[in-house]
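**Q** need a structure here:
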Amino acid sequence: MKKKNSKFQETEELEMLPEYDFKNGIRGKHYKAYRKGHNVKIHRIDGSVTTQYFKLEDGAVMIEPDVRAYFPDSDSVNKALRSIIELFPSKKSSRSFNINLKPH
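**A** Coordinates of the predicted model:
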């Protein structure tokens, strides 16, 4: 029995088709290169090849899966960051305030 979804149809059983074999796959193997940017070659029917370069847009941030579980969309991330920013001293303050946001 199939359920109808607005974007696609899916079966009730969530099984990987036999032609998709990920036994030797490595999760996250290409994520660093993807963040830096990557080329995609598009092979057209007429035999020509077009190369397009893709890079994250300015301001785009990649969120790790464990963090994404708590912040599923841009609004939730922005709300959390704004609440943290309120904790920072004013820029007009004479005190120096440094925060290290890099993971250890």
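**Q** could you pull out the strands for the protein?
**A** Per DSSP state E, the chain carries strands over the ranges 2-4, 9-11, 38-43, 49-54.
**Q** OK, contacts around the most centrally placed residue in the chain?
**A** Centroid-nearest residue in the chain, with CA atoms, centre = their mean: residue 62, separated by 4.6 Å. Residue 62 sits next to 31, 35, 56 when contact means CB atoms under 8 Å, 6 or more residues apart in numbering. All C-beta spots, glycine's among them, are computed from the backbone N, C-alpha and C.
**Q** and of these, the nearest to residue 14?
**A** residue 31 (24.6 Å; CB to CB).
**Q** any idea how far the closest one is from residue 15?
**A** Per CB to CB, to the nearest Å, residue 31 is found 27 Å from residue 15.
**Q** those two - which one has more neighbours?
**A** More neighbours surround residue 31 than the other of residue 31 and residue 15, with 11 against 6 (other CB atoms under 10 Å).
**Q** got any ranges where this structure has weak pLDDT?
**A** The chain contains residues with pLDDT under 70 at 1-13, 91-104.
**Q** all helices for it, in order.
**A** According to DSSP state H, the chain carries its helices in the segments 31-36, 65-68, 74-85.
**Q** with distance to residue 19 as extra columns, can I get the ones you listed in JSON lines?
**A** What follows is the helices of the chain, written out as JSON lines (distance: least, CB to CB, whole Å):
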{"stretch": "helix 31-36", "distance to residue 19": "25"}
{"stretch": "helix 65-68", "distance to residue 19": "26"}
{"stretch": "helix 74-85", "distance to residue 19": "36"}
